[in-house]
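Asks: Quick one, structure for this:
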Amino acid sequence: QVQLVESGGGLVQAGGSLRLSCAASGRTFISYAMGWFRQAPGKEREFVASISWNGGSTFYTDSVKGRFTISRDNAKNTVYLQMNSLKPEDTAVYHCAAERSFRIISSITDFGSWGQGTQVTVSS
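Replies: Modelled structure (predicted):
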C-alpha cells in the first residue's frame, strides 16, 4: 500500500478557489490510479474525481464538472485537485485515495489506500 497525505484545505468564500495536494510515498506511484472523495457532516463519503496512472483519463462527478480539475505529477508523487467557483455545498473533508491499477476507477470500494483528509469550508 501507499501512504497518502493531503494538504491545501481551508476556509474560502463562495466563488473562490483552492488547490488540494496529495503526496504519496513509495516508488510505484506511477502504477496507481488516484481519486478524490469528500465527506460532509452527516453524509456518506462520495466520489469527486479520479485520474488514471498516466493522467490520460479523468472522470468527475456531475456536480463538479467544469469547476474542478484533477491532475498528477508522477515525478513528484503528487496528485492535485484544483477547485474553482466553490459553493457552500462543496464544504466537506476531502480525502485522497489510491489503488494499483492501470485503468481509471471511481468506486469507493475499488480504492485500498486512503489519506486522513483535509477540511474545505466554503462560506456563503
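
Asks: ok, residue 2 - contacts?
Replies: 24, 25, 26, 28, 29, 32, 98, 113 (CB atoms under 8 Å, 6 or more residues apart in numbering). C-beta coordinates here come from the backbone N, C-alpha and C atoms, glycine included.

Asks: neighbours around the third one, how many?
Replies: One way to gauge burial is a neighbour count; for residue 26, by other CB atoms under 10 Å, it gives 13.

Asks: Report the contact partners of it.
Replies: Here residue 26 is in contact with 2, 3, 77 (CB under 8 Å, 6+ apart).

Asks: what do you get for the last one?
Replies: By CB under 8 Å, 6+ apart, the contact list for residue 113 reads 1, 2, 3, 4, 97, 98, 99.

Asks: Out of the contacts of residue 2, grab the one that's most surrounded.
Replies: Counting neighbours by other CB under 10 Å, the top entry in those is residue 32, with 28 neighbours.

Asks: which residue packs closest to it, ignoring adjacent ones?
Replies: residue 98 (4.5 Å; CB to CB, 6 or more residues apart in numbering).

Asks: Can you say which helix or strand has that neighbour in it?
Replies: Assessed by DSSP states H and E, residue 98 sits inside strand 92-100.

Asks: Not counting residues beside it along the chain, what's closest to the spatially most central residue of the chain?
Replies: Closest residue to the average C-alpha location of the chain: residue 36 at 2.4 Å, with CA atoms, centre = their mean. Take residue 36 and drop its neighbours on the chain: the residue closest to it by CB to CB, 6+ apart is residue 48, 4.4 Å away.
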